[in-house]
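**Student:** A predicted structure for the sequence below; I have some questions about it.
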Amino acid sequence: MRLLTQEVPKDFNIFQISCTHFGSRLCHQTGINTLLEMVNSKYEGVKAKHNYVIHHGDIIEAICPDDKRFFSVTISQPMILSQVDYAIKRLSNISPANWIAIMQGNHEDHHLKFGYLGALIADGLGVPFATSECKITYKYKNWTLFKQYAAHGRKQITSVADDPERATVNMKLILKRQMKFKAGDCYLMTKGHTHKLITLKPRPVLYLQDDGRAIHQNYTKQTDISGEEYIHPDNRWYANVGAFYKIYGNQMTQWDSEHPEDSVFSSYVARGEYDPIPLGFCIVRVREGKIQQVDKITV
């Protein structure tokens with residue numbers, strides 16, 4: 001785990017992204033174009049220079065022929081180092097001043113015997129490398145505003161509930177359960193990996209108290225979010241930050257055995273019988289030093 005400190009103003013945005021999978025034909029390039037445009041533009045009243053970005057890993061596809069998921073026609077750039085170079089080229093559209101960190105995902109982890117591929121990309125961009133998990137302390141001048149725990153993650157988040165409302169609640173609770181013990185001083189907890197867009201905000205709980213004469217109602221709340229004191233799991237923000245990997249390709253009407261690279265194909269996501277999910281990312285809106293909202297952006 002790497003510990004990072006980020007100097008920020010009182011009002012800023014944090015773009016939480018993951019799973020770009022550069023090097024795959026299933027990479028959602030138009031969605032990434034939308035992301036880059038939004039990072040470099042004013043968002044909800046905050047100037048572009050105060051839009052910060054953290055990548056939670058699976059930057060590149062990084063799947064080789066010895067991987068059971070490998071299918072040559074789904075790979076747009078078969079050489080891993082070419083994928084690294086292309087990722088640097090695409091992500092260099094974000095200024096180093098806007099980056100918080102780049103993390104390593106499980107796709108890059110398949111090549112740990114050679115070293116950190118995520119570090120190659122981070123170094124090429126002039127951005128801090130944060131390994132597979134990190135904690136970020138957001139500071140305004142000499143004050144700590146709050147801390148974030150971020151990880152690529154490895155566990156999936158699924159629900160077999162038939163009702164969509166119950167399934168949504170189940171997955172939110174799974175996200176919270178997976179993350180709540182990872183750090184006790186973080187107001188914001190995020191992960192990638194699952195490709196899902198899930199957010200969960202603090203939930204005030206009603207309680208009763210008396211003053212010796214009468215019963216009064218009140219609600220739990222976290223007055224100190226700096227991390228100097230323990231932050232109860234119910235009082236934190238959580239996000240599973242989404243992805244840019246499509247289930248299906250663009251060419252879906254033609255099969256040519258002599259030119260399979262120009263033909264219809266099935267991704268390992270489709271072959272694995274995963275359900276379709278919205279693609280996108282999250283934006284954490286911070287105003288007056290506190291998290292105001294976590295926006296789910298679908299692309």
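**Tutor:** Okay, I see it.

**Student:** How about residues contacting the helix or strand bottoming out on mean pLDDT in the chain?
**Tutor:** Every helix and strand in the chain was compared by mean pLDDT, DSSP states H and E; the lowest is helix 268-271, with a mean of 87. Contacting residues not belonging to helix 268-271 are listed as 26, 69, 71, 74, 245, 247, 248 [C-beta atoms under 8 Å, 6 or more residues apart in numbering]. To be clear about C-beta, it is placed using only N, CA and C from the backbone, and glycine gets the same treatment.

**Student:** following it, which helix or strand shows up next?
**Tutor:** For helix 268-271, the succeeding helix or strand toward the C-terminus, using DSSP states H and E, is strand 280-287.

**Student:** rounded to a whole number, what's the mean pLDDT of stretch 246-264?
**Tutor:** Mean per-residue pLDDT for stretch 246-264: 82.

**Student:** Kindly export whichever helix in the chain runs longest (C-alpha atoms) in PDB.
**Tutor:** Ranked by number of residues, the top helix in the chain under DSSP state H is helix 164-179. The C-alpha trace of helix 164-179 is given here as PDB (Å, rounded to 0.1, in the frame of the first residue of the first chain):
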ATOM      1  CA  PRO A 164     -33.800  -5.400  -9.300                       C
ATOM      2  CA  GLU A 165     -34.300  -3.200  -6.200                       C
ATOM      3  CA  ARG A 166     -33.200  -6.000  -3.900                       C
ATOM      4  CA  ALA A 167     -30.300  -6.900  -6.200                       C
ATOM      5  CA  THR A 168     -29.200  -3.200  -6.100                       C
ATOM      6  CA  VAL A 169     -29.300  -3.100  -2.300                       C
ATOM      7  CA  ASN A 170     -27.600  -6.400  -2.000                       C
ATOM      8  CA  MET A 171     -24.600  -5.300  -4.100                       C
ATOM      9  CA  LYS A 172     -24.300  -2.000  -2.200                       C
ATOM     10  CA  LEU A 173     -24.100  -4.000   1.100                       C
ATOM     11  CA  ILE A 174     -21.500  -6.400  -0.400                       C
ATOM     12  CA  LEU A 175     -19.400  -3.400  -1.500                       C
ATOM     13  CA  LYS A 176     -19.600  -2.000   2.000                       C
ATOM     14  CA  ARG A 177     -18.800  -5.400   3.600                       C
ATOM     15  CA  GLN A 178     -15.800  -5.900   1.300                       C
ATOM     16  CA  MET A 179     -14.300  -2.500   2.200                       C
END
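
**Student:** Tell me which stretches of this structure form strands.
**Tutor:** Applying DSSP state E to the chain gives strands spanning 2-7, 12-17, 51-55, 99-102, 133-140, 143-151, 188-191, 197-200, 206-210, 215-219, 237-241, 280-287, 290-298.

**Student:** Just put the ones you listed in JSON lines and tack on distance to residue 126.
**Tutor:** As requested, the strands of the chain are exported to JSON lines (distance: least, C-beta to C-beta, whole Å):
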{"stretch": "strand 2-7", "distance to residue 126": "15"}
{"stretch": "strand 12-17", "distance to residue 126": "18"}
{"stretch": "strand 51-55", "distance to residue 126": "13"}
{"stretch": "strand 99-102", "distance to residue 126": "8"}
{"stretch": "strand 133-140", "distance to residue 126": "17"}
{"stretch": "strand 143-151", "distance to residue 126": "20"}
{"stretch": "strand 188-191", "distance to residue 126": "23"}
{"stretch": "strand 197-200", "distance to residue 126": "29"}
{"stretch": "strand 206-210", "distance to residue 126": "49"}
{"stretch": "strand 215-219", "distance to residue 126": "45"}
{"stretch": "strand 237-241", "distance to residue 126": "23"}
{"stretch": "strand 280-287", "distance to residue 126": "22"}
{"stretch": "strand 290-298", "distance to residue 126": "26"}
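
**Student:** Tell me which of the ones you listed sits nearest to residue 124.
**Tutor:** Between residue 124 and the strands of the chain, the shortest gap by C-beta to C-beta is with strand 99-102, which sits at 9.8 Å.

**Student:** Any stretches of the stretch 151-299 of the chain with poor pLDDT?
**Tutor:** Along the stretch 151-299 of the chain, segments meeting pLDDT under 70 are nowhere present.

**Student:** what's in contact with the longest helix of the chain?
**Tutor:** 149, 151, 153, 155, 157-159, 161, 189, 191, 196, 198-200, 233, 238-240.

**Student:** got it, and stretch 194-208?
**Tutor:** So stretch 194-208 is contacted by 19, 153, 155-157, 171-172, 175-176, 215-222, 234-243, 245, 277-282, 293-294, 296, 298 (C-beta under 8 Å, 6+ apart).

**Student:** now these: which count as buried?
**Tutor:** If you count burial by 16 or more other C-beta atoms under 10 Å, the buried members of the contacts of stretch 194-208 come out as 19, 153, 157, 171-172, 175-176, 222, 235-243, 245, 277, 279-282, 294, 296.
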